[in-house]
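Asker: here is a sequence together with a model predicted from it:
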Amino acid sequence: MSLGQGYAARMAIANESSWGTGVAGEAIVPFSSEDLNRTIEMIESNFLDGHAARRALYASVIKALGNLSGELDGYYGYAGGFEYLLWAFAGGAGSRDTTNGLNQYKVADQVVNSLTLAVLKDVSVWELPGVKVNTLNIKGSAGGAIEFSADIIAKTLLRTGDSGIVNTSGGINGISQTGVPITFLFDDLIFRIGDQSDALASGDQLKIDDFSFDGNNNLSEPQFSTEDSSHTDSRLTLEPKRNGFRDVKLTFKLPRYESDQIFTWLNNDTALQADLKFSRSGYEFNILLPNIKLVDPKAPISGAELVAPTFEIIALRNNGQNTYMTYQDSDAITDEVGFEIKSGRPNPVDV
């Protein structure tokens, strides 16, 4: 009998052509941890017949939710990797900047794309069809690796032997995996922030020692209904849809209080722009924020040590306000965030 061991786990991932219709994994995604799970809500019988014991529990709706996390990598030799999660968060099509060798990912009003995740736990495969990424966090601090964490909503969770499961342990183990992931470190980051009077340049670089980028798709929590022509299992959720405004935020901390410039921008309600650019071993990962506002500044004194200010940024739709920040091929960034990636994957995810 096989023994489940974390080091033996592999996660396969693939793009679905139809939400909730599982497909065989086509790429291996290195990850650090996951807590993807299926819960079945139980309806309790309140029947009274003169006894203290509970009479019956009836299985009701099924929810498949969870989180997965790992390190932000260039994934040389991996046929996909983190870009899949990024694309799922962005909810829009990827395009190829062939001149600069970059893949671009642009956000869209609807999250129409979905994934199948399959985790080999040695004992069996756990497959989640219909995966959509609700929230995505990318964070880092001085002296460490850049990490990501994603909260997902899936249609259901199947295990080896369940009806309808597509992925097998042999199939997942058979996916080619060559080379070594190139992990982005905090040392690889250049952070720039400035007003929108001109393009960001080296003079706009700011030393920070901690940051956290958060994207919330604000998808509907699992919802249930009777069956109809498109929803054929009343115990499984309807397809998650955007359920309000997208929420994109960035928080960062300065190692020491040396200037009032950021506080002045805040007081003047100045529209700003910022980018986070990672570069390592020929790979790039860029987060572009063309139109932002500062909120919630803090410069607390905590005893005798150095004062370390913290700031929070809210990203807003660009609406053509900032014409200086574009993708490297000069394409405009019309929404609140854009991503550019140079990785081991030659082409963007096909959606």
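Answerer: Okay, I see it. Just so it is clear, the structure is predicted and the values come from calculations on it, not from any experiment.
Asker: for Ala145, the count of nearby residues, please.
Answerer: Using other Cβ atoms under 10 Å, the number of residues around Ala145 comes to 17. Any C-beta I mention is one placed from the backbone N, CA and C, and that applies to glycine too.
Asker: now it, which residues is it bridged with?
Answerer: Leu185 (DSSP bridges).
Asker: give me the most central residue, this structure.
Answerer: By Cα atoms, centre = their mean, the chain has its centre lying nearest to Leu136, at 3.2 Å.
Asker: was I right to think that one contacts Arg246?
Answerer: No - counting by Cβ atoms under 8 Å, Leu136 sits too far from Arg246 to count as a contact (11.2 Å).
Asker: intersection of neighbour lists for these two?
Answerer: Between them, Leu136 and Arg246 share these contacting residues under Cβ atoms under 8 Å, 6 or more residues apart in numbering: Gly215.
Asker: ok, now which ones touch the residue of the chain positioned farthest from its centre?
Answerer: The centre of the chain is farthest from one residue, Gly50, which by Cα atoms, centre = their mean lies 52.7 Å away. Gly50 sits next to no residue when contact means Cβ under 8 Å, 6+ apart.
Asker: and it, what's its pLDDT?
Answerer: As predicted, Gly50 sits at a pLDDT of 88.
Asker: from Trp265, how far off is it?
Answerer: 72 Å (Cβ to Cβ, to the nearest Å).
Asker: after the worst-scoring helix or strand of the chain on mean pLDDT, which helix or strand is next?
Answerer: Least confident helix or strand, the chain: helix 82-90 with a mean of 71, by mean pLDDT, DSSP states H and E. Sequence-wise, the next helix or strand downstream of helix 82-90 (DSSP states H and E) is strand 94-97.
Asker: tell me the helices and strands packed up against the next helix-or-strand element following that following strand.
Answerer: As assigned by DSSP H and E, the chain's next helix or strand after strand 94-97 is strand 102-106. On a contact count with 3 or more Cβ pairs under 8 Å, 6 or more residues apart in numbering; DSSP states H and E, strand 102-106 meets helix 82-90, strand 94-97, strand 338-342.
Asker: the last one pairs with which strands, parallel or anti?
Answerer: Next to strand 338-342 in the sheet, as set by DSSP bridges, lie strand 102-106 (antiparallel), strand 283-298 (antiparallel).
Asker: can you pull out the low-pLDDT segments for the stretch 101-250 of the chain?
Answerer: For the stretch 101-250 of the chain, the stretches with pLDDT under 70 are 178-179.
Asker: grab the nearest non-local neighbour of the residue nearest to the centre of the chain.
Answerer: Phe89 (4.2 Å; Cβ to Cβ, 6 or more residues apart in numbering).
Asker: residues near the one you found, how many?
Answerer: Using other Cβ under 10 Å, the number of residues around Phe89 comes to 26.
Asker: how about stretch 55-69: buried residues?
Answerer: 61-68 (16 or more other Cβ atoms under 10 Å).
Asker: same question but for stretch 250-259, I mixed them up
Answerer: 250-254.
Asker: so what touches that stretch?
Answerer: Residues contacting stretch 250-259 (Cβ under 8 Å, 6+ apart): 142, 191, 206-214, 274, 276, 289, 292, 299, 306-313, 315.
Asker: tell me how far that stretch lies from the chain's centre.
Answerer: 25 Å (Cα atoms, centre = their mean, to the nearest Å).
Asker: which parts of the stretch 251-351 of the chain are strands?
Answerer: Remark: strands assigned in the stretch 251-351 of the chain by DSSP state E, counting those that start in this stretch are 272-280, 283-298, 310-315, 338-342.
Asker: swap in the stretch 51-200 of the chain?
Answerer: 57-71, 94-97, 102-106, 115-120, 125-141, 147-154, 158-159, 189-195.
Asker: packing partners for the first one?
Answerer: Meaning strand 57-71. Using 3+ Cβ pairs under 8 Å, 6+ apart: strand 57-71 touches strand 33-34, strand 37-44, strand 147-154.
Asker: against which helices or strands is the first one packed?
Answerer: In terms of contacts (3+ Cβ pairs under 8 Å, 6+ apart), strand 33-34 is packed against strand 57-71.
Asker: can we see that at 10 Å?
Answerer: strand 57-71, strand 147-154 (3 or more Cβ pairs under 10 Å, 6 or more residues apart in numbering; DSSP states H and E).
Asker: got it, and the last one?
Answerer: Under the contact criterion of 3+ Cβ pairs under 10 Å, 6+ apart, the helices and strands touching strand 147-154 comprise strand 33-34, strand 57-71, helix 82-90, strand 115-120, strand 125-141, strand 210-216.
Asker: make a markdown table out of those and add distance to Ser259.
Answerer: Listed next are the helices and strands packed on strand 147-154 as a markdown table, based on distance: least, Cβ to Cβ, whole Å:
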| stretch | distance to Ser259 |
| --- | --- |
| strand 33-34 | 38 |
| strand 57-71 | 32 |
| helix 82-90 | 33 |
| strand 115-120 | 43 |
| strand 125-141 | 21 |
| strand 210-216 | 18 |
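Asker: Leu158: which of these is closest?
Answerer: Closest to Leu158 of these is strand 125-141 (Cβ to Cβ; 4.7 Å).
Asker: for that closest one, the distance to its chain's centre please.
Answerer: Distance, centroid of strand 125-141 to centroid of chain: 6 Å (Cα atoms, centre = their mean).
Asker: would you mind writing the CA trace of it as CSV?
Answerer: The C-alpha trace of strand 125-141 is given here as CSV (Å, rounded to 0.1, in the frame of the first residue of the first chain):
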residue,chain,number,x,y,z
VAL,A,125,-5.3,11.7,-7.2
TRP,A,126,-7.5,14.5,-6.0
GLU,A,127,-9.0,16.3,-9.0
LEU,A,128,-10.8,19.6,-8.9
PRO,A,129,-12.6,20.6,-12.2
GLY,A,130,-14.0,24.1,-12.7
VAL,A,131,-11.4,25.9,-10.7
LYS,A,132,-11.5,29.7,-10.6
VAL,A,133,-9.1,31.8,-8.6
ASN,A,134,-11.0,34.1,-6.3
THR,A,135,-8.1,35.9,-4.6
LEU,A,136,-4.4,36.0,-5.3
ASN,A,137,-1.6,37.3,-3.1
ILE,A,138,2.0,37.9,-4.0
LYS,A,139,4.3,38.9,-1.2
GLY,A,140,7.9,39.2,-0.3
SER,A,141,10.3,40.6,2.3
